[in-house]
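Undergrad: coords please:
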Amino acid sequence: MLNTLRTGVDRLLQAALVLCFAVLSFCVLWQVFTRYVLNDPSTFTEEVSRFAVIWLSLLGTAYACGKLEHMAYDMWAAKLSGPALLRHMQMVALIVLLFVVAVFVYGGGKLVLRAHEVEQLSATLEVPMSWVYACIPLSGLCMTFYQLAILIAPERFKAPDEVKDALDHAEKEIAA
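TA: Numbers count the residues shown, from 1 in each chain. Model prediction:
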């Protein structure tokens with residue numbers, strides 16, 4: 001059940017990240033085209049690309065959090081194994097969970113509500129800024145889910161072994 005739910009959240013985040021990246025790519029290409037070919041720069045692309053980068057960054061952070069591919073200090077964890085490593089993962093997950101709930105979910109939720117109450121609009125497109133800010137609590141909810149999953153079943157999460165992966169890739173390249 002947990003793995004199925006985790007796979008679903010992973011796929012939703014992947015789709016959102018692909019969409020954000022596609023929007024960002026389109027905006028950049030359109031801006032270059034309109035500026036240098038048409039000599040009439042587009043006005044909306046700067047703002048849309050900025051919003052796409054914000055969503056891409058925060059949702060990407062949530063996705064990396066679920067894959068244990070986020071930036072981490074792992075010298076201590078690398079020396080642990082078995083139950084000690086699982087307890088360490090749970091302790092880190094608890095600390096991250098507390099931070100994410102307080103800052104992203106609660107603080108981000110308050111920011112979204114405040115922007116909605118004052119009807120704050122973006123400068124160029126005049127879209128509600130609460131839509132832009134919504135990625136903060138949304139990414140926080142995703143990170144909260146992943147941290148709870150680590151607390152429940154840390155053995156189902158495995159940090160990538162980047163050195164081993166790089167060596168395996170190099171061996172395959174040399175053999176080919």
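
Undergrad: packing partners of the worst-scoring helix or strand of the chain on mean pLDDT?
TA: Within the chain, confidence by mean pLDDT, DSSP states H and E is lowest for helix 75-78 among all helices and strands, at a mean of 71. Here helix 75-78 touches helix 82-99, going by 3 or more C-beta pairs under 8 Å, 6 or more residues apart in numbering; DSSP states H and E. (C-beta placed from N, C-alpha, C; glycine too.)

Undergrad: just the buried positions in the helix it packs on, please.
TA: L85, L86, H88, M89, Q90, V92, A93, V96, L97 (16 or more other C-beta atoms under 10 Å).

Undergrad: give me the contacts around that helix.
TA: Outside helix 82-99, the residues that touch it by C-beta atoms under 8 Å, 6 or more residues apart in numbering are 65, 76-77, 80, 143-144, 147-148, 150-151, 154-155, 157.

Undergrad: and which of those residues is nearest to I136?
TA: When those are ranked by distance to I136 (C-beta to C-beta), M143 comes first, at 10.8 Å.

Undergrad: next, the closest one: secondary structure please.
TA: M143 carries the three-state label helix when classified by DSSP: H, G, I helix; E, B strand; the rest coil.
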